[in-house]
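1. Can you look at this prediction? I've put the sequence above it.
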Amino acid sequence: MTLYDLVGGESWFRDLVDRFYVGVEADPVLRPLYPDDDLSDARDHLAGFLVQYWGGPTTYSDQRGHPRLRMRHVAFRIGTAERDAWFAHMAAAVRGGGLAPEVETEVLAYFERAADHLVNQPYD
């Protein structure tokens, strides 16, 4: 069973992303990385990616191509401060998702690896 199936589908991921972006919107480190006043596209892209990654439909790749996460984020300065802020908001969002402890641990480990992977300014 995939996480997508376990949580009942797309709505859980949309709720996760909504919880995450509540933190991002007010974060002085992360908010400047998002050039648009409206974060709707960013929310849709993240939710679509997560749905696909965790076993749901491939709509993200069908519409946007291969995720290529490092390539898509290379234009943004991501150092340890950005990584730490991003992971803190995502961890809080995951913890608010009602997952079983062992599943929550797995999901948090994925997001920690993803946050580390996107650092492109390792010596800030």
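-> Alright, I've got the coordinates.
2. Would you state the helices of the chain in chain order?
-> 3-6, 10-25, 40-53, 59-64, 69-73, 80-95, 101-117 (DSSP state H).
3. Of all the ones you listed, which one is nearest residue 31?
-> Nearest to residue 31 among the helices of the chain is helix 10-25; the distance by C-beta to C-beta comes to 6.3 Å. Every residue, glycine included, has its C-beta placed from N, CA and C.
4. As TSV, the helices of the chain with mean neighbour count, mean pLDDT and distance to residue 31 would be great.
-> Below are these laid out as TSV (neighbours: other C-beta atoms under 10 Å; pLDDT from 0 to 100; distance: least, C-beta to C-beta, whole Å):
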stretch	mean neighbour count	mean pLDDT	distance to residue 31
helix 3-6	16	96	28
helix 10-25	18	97	6
helix 40-53	18	95	11
helix 59-64	14	87	23
helix 69-73	13	67	16
helix 80-95	18	97	10
helix 101-117	14	96	17
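5. now those in TSV, with distance to residue 34?
-> Shown next, in TSV, are the helices of the chain (distance: least, C-beta to C-beta, whole Å):
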stretch	distance to residue 34
helix 3-6	26
helix 10-25	7
helix 40-53	6
helix 59-64	17
helix 69-73	12
helix 80-95	11
helix 101-117	16
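6. can you tell which of those helices is closest to residue 32?
-> Closest among these, once you apply C-beta to C-beta, is helix 80-95, at 9.7 Å.
7. re the thing from before, just so I know, which of the helices of the chain lies nearest residue 123?
-> Using C-beta to C-beta, the helices of the chain put helix 80-95 closest to residue 123, at 9.2 Å.
8. list the helices and strands that closest one packs on?
-> Identification of packing neighbours for helix 80-95 by 3 or more C-beta pairs under 8 Å, 6 or more residues apart in numbering; DSSP states H and E yields helix 10-25, helix 101-117.
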